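Colleague: I would like the atomic coordinates for the input below:
(2 chains)
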Amino acid sequence: MQRVTKSVTINRPREEVYKFWRDFENLPTFMQHLTSVTVTGNGRSRWVANAPAGATVEWTAEILEDRAGSLISWRSVAGSDIQNEGSVRFADAPADRGTEVRVELAYDAPAGSAGVLVAKMFAEEPGQQLRDDMRRFKQVMETGEVVRSDGSLEGAGQGVLKQRPAQAPEMEELKGLK
Amino acid sequence: MKANCWMGKKSVEVVDVPDPKILNRRDAIVRVTSTAICGSDLHLYNGFMPTMKKGDVLGHEFMGEVMEVGRDIKTLKVGDRVVVPFTIACGECWQCRHDNWSLCENSNPNAALSEKMMGHAASGAFGYSHLTGGFAGGQAEFARVPFADVGPLKIENGFSDEQVLFLSDILPTGYMGAEMCNITPGDTVAVWGCGPVGLFAIQSAYLLGAERVIAIDRFEYRLKMARDKCRAETLNYEDVDSVSETLIEMTAGRGPDACIDAVGLEAHGHGLAYMYDRAKQAVGLELDRPIAVREAIMACRNGGTISIIGVYGGFDDAFPLGTVMNRSLTIKSGQCHVHRYMRPLLKRIEKGEIDPSMVITHRMPLADAPKGYDIFVNKEDNCEKVVLSPEWE
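Modeller: Residues are numbered from 1 along each chain as shown, chains lettered A, B, ... in the order given. From the prediction side, this is the model:
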């Protein structure tokens, strides 16, 4: 399995940060490749991610461990498109600095479009995708939403080559945005 | 709408672009009534800032009338008159909560780019490359203002645009430059650069209690403004062999107690060091020409303070770190935390302690922006500050 870990400090109370993540249906608001997560009960949830060329990749995850305010871990069940597992830890940052969030993800790269998705997520720089997702998570927790600019309509994670010029978009360009 | 766009090195054009749109719930759209060309826009114009894209709308000094607000904006309403700070800040992160607004942790969507160059990212800013977020600027008929509940300052006292426009950047920047000097009675402050920021730094140094302010430049018309409008003693560096030795002599061997660099990365000078920086910058081996700050460090009295408000982009050669260490110098710097200074400086304007409009030498319609850049960069027609308005024909 390929592993990647990233951390970020968020200026909100630990309970609040934990709670937002614990509702997995919130994850697509800041995880760029996720289209939806649906909680199906019994600690299980159905995850749908974008793969290249309009394809999607789906898997079911089950919660392994859930310690209120401090840790959530999960893994995909047998038979998923992508075998993966993850954990997120929440700790108080020193003094008035909020909450330290540490995420660890691991994937098995299969063949086919799911494999391309995994390759894309790890790209040339392992961890950059996760780092961008964490930046968006911080924005959502601290400011209420993902911050957009004219150059980066989808927010953090648009490499400079993918950016538009810094001028307002046409209405049509806003339609596909999350 | 019409907007002044960066089209490549030494090329700006006023062209038709789409009108700004609300992209976040805390945005506002402002109809620009006045905007200005900043000395730091010339670094973009001259091609010294990486990550510019053809078509980027320029401009980070602007004010106007609120036309539309996002659904989370409760503090502004349509019709309000506002000055917009050039740095964009969320008001919620640890840095904003500690009054360090230009270090906002959330307002730069392209922070990853900055992190690669600088280790960490600074805040977003209007019209200032994709390193600071790729936000369209204010040299336009309309502008989108993110976090409009945090940044824009309402103007309700009937002041003209020209009296308050520079609260957006250059007045707070000059003031912060002087404030970072921790001026105490009897202090002599030397200011490199008599552009608008330098002039505001001179005035601020006096407001904060400096005994003497010595201003350094090479353009006689700028030195005259420093003398006549700001009470500075002046030094034309082209008239002397060594700026630092001259300053040391002017202060009876002590050196200025604090030195402000209001020049930045495109400093001019003479002699070998200047030729060296120019050559390296020309072939891309050095991003900056740190001549002013080197002189400032050499001139400053033992234990004094160097305040850097001129813009630097990257890495600098022959930086006299040994002087800093052995002579107990303190270096302070930063993009201005504009949000921190807007209200207190508006009070000073109200009290008549400062009249920011004194720096303006040229007024033009927005459509003439390319001409404005041209005369400003070439220092033609005694150009000090160009104000543009989309409202003028």
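Colleague: tell me the secondary structure at B:Gln95.
Modeller: helix (DSSP: H, G, I helix; E, B strand; the rest coil).
Colleague: ditto for A:Glu145
Modeller: Applying three-state DSSP: A:Glu145 is coil.
Colleague: okay, and A:Asp132 sits in which element?
Modeller: A:Asp132 belongs to helix A:128-143 when elements are defined using DSSP states H and E.
Colleague: got the contact list for that helix?
Modeller: With C-beta atoms under 8 Å, 6 or more residues apart in numbering or on different chains as the test, helix A:128-143 has contacts from A:4, A:6-12, A:16-17, A:20-21, A:29-33, A:101, A:103, A:105, A:120-123, A:145-147, A:155-157, B:26, B:90, B:92-93, B:105-106, B:111-112, B:147. For the C-beta atoms, the positions are set from N, CA and C on the backbone; glycine is no exception.
Colleague: give me the buried entries from those.
Modeller: A:4, A:6, A:8-11, A:17, A:20-21, A:30-33, A:101, A:103, A:105, A:121-122, A:145-147, A:155-157, B:26, B:90, B:92-93, B:105-106, B:111-112, B:147 (16 or more other C-beta atoms under 10 Å in any protein chain shown).
Colleague: which parts of chain A are helices?
Modeller: Along chain A, the segments classed as helices by DSSP state H run A:14-22, A:112-122, A:128-143.
Colleague: per-domain residue ranges of chain A.
Modeller: The record assigns chain A these domain ranges, following automatic domain parsing: A:2-145, A:148-178.
Colleague: what residue in the stretch 101-250 of chain B comes nearest to chain A?
Modeller: Nearest to chain A in the stretch 101-250 of chain B, going by C-beta to the nearest C-beta, is B:Gly134, at a distance of 2.0 Å.
Colleague: number of residues surrounding the closest residue to that residue other than its chain neighbours?
Modeller: Excluding the flanking residues, the one nearest B:Gly134 by C-beta to C-beta, 6 or more residues apart in numbering or on different chains is A:Gly151, at 2.0 Å. For A:Gly151, the neighbour count with other C-beta atoms under 10 Å in any protein chain shown is 26.
Colleague: can you give me the helices in the stretch 1-150 of chain B?
Modeller: Assigned by DSSP state H, counting those that start in this stretch, the stretch 1-150 of chain B shows helices spanning B:39-45, B:94-97, B:111-118.
Colleague: so who does B:Pro109 touch?
Modeller: Contacts of B:Pro109 (C-beta under 8 Å, 6+ apart): A:147-149, A:151-152, A:155-156, A:158, B:124, B:133-134.
Colleague: nearest to B:Leu44 among those residues?
Modeller: Of all the contacts of B:Pro109, B:Gly134 has the smallest distance to B:Leu44: 13.1 Å, by C-beta to C-beta.
Colleague: and the closest one, what's its pLDDT?
Modeller: B:Gly134 carries a pLDDT value of 96.
Colleague: what's the answer for A:Pro13, then?
Modeller: We have a pLDDT of 98 for A:Pro13.
Colleague: excluding sequence neighbours, find me the nearest residue to it.
Modeller: The spatially closest residue to A:Pro13, leaving aside those adjacent along the chain, is A:Thr99, at 6.9 Å (C-beta to C-beta, 6+ apart).
Colleague: least trustworthy helix or strand in chain A by mean pLDDT?
Modeller: Every helix and strand of chain A was ranked by mean pLDDT, DSSP states H and E. The lowest is helix A:112-122, at a mean of 73.
Colleague: alpha carbons only: can I get that helix in PDB?
Modeller: C-alpha atoms of helix A:112-122 as PDB (Å, rounded to 0.1, in the frame of the first residue of the first chain):
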ATOM      1  CA  GLY A 112      -8.100   0.400 -14.700                       C
ATOM      2  CA  SER A 113      -9.600   3.800 -14.000                       C
ATOM      3  CA  ALA A 114      -9.400   3.300 -10.300                       C
ATOM      4  CA  GLY A 115      -5.600   2.900 -10.700                       C
ATOM      5  CA  VAL A 116      -5.500   6.100 -12.700                       C
ATOM      6  CA  LEU A 117      -7.300   7.900  -9.900                       C
ATOM      7  CA  VAL A 118      -4.900   6.600  -7.300                       C
ATOM      8  CA  ALA A 119      -1.900   7.600  -9.500                       C
ATOM      9  CA  LYS A 120      -3.500  11.100  -9.900                       C
ATOM     10  CA  MET A 121      -4.000  11.400  -6.200                       C
ATOM     11  CA  PHE A 122      -0.400  10.600  -5.500                       C
END
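Colleague: so that helix versus helix A:128-143, what angle?
Modeller: Interaxial angle, helix A:112-122 versus helix A:128-143 (axes from the mean of the first three to the mean of the last three C-alpha atoms, to 10 degrees): 70 degrees.
Colleague: where does the chain have low pLDDT?
Modeller: In the absence of a named chain, chain A is used. By pLDDT under 70, the low-scoring segments of chain A are A:121-126.
Colleague: ah, no, chain B please
Modeller: Residue ranges of chain B with pLDDT under 70: B:285-286.
Colleague: could you chop it up by domain?
Modeller: According to automatic domain parsing, the domains of chain B span B:2-169+B:336-389, B:171-333.
Colleague: re earlier: any idea how far A:Ser152 is from the residue of the stretch 101-250 of chain B closest to chain A?
Modeller: 5 Å (C-beta to C-beta, to the nearest Å).
Colleague: which residues do these two both contact?
Modeller: Counting by C-beta under 8 Å, 6+ apart, the common neighbours of B:Gly134 and A:Ser152 are A:163-164, B:109-110.
Colleague: nearest to B:Ala190, of these?
Modeller: Once C-beta to C-beta is applied, the member of these that ends up nearest B:Ala190 is B:Asn110, at 36.1 Å.
Colleague: contact partners for that closest one?
Modeller: A:149, A:151-152, A:156, A:158, A:160, A:163, B:51, B:121, B:130-134.
Colleague: again with A:Met31
Modeller: Going by C-beta under 8 Å, 6+ apart, A:Met31 touches A:133, A:136.
Colleague: for it, phi and psi?
Modeller: Main-chain dihedrals, A:Met31, degrees, to the nearest 10: phi -90, psi 110.
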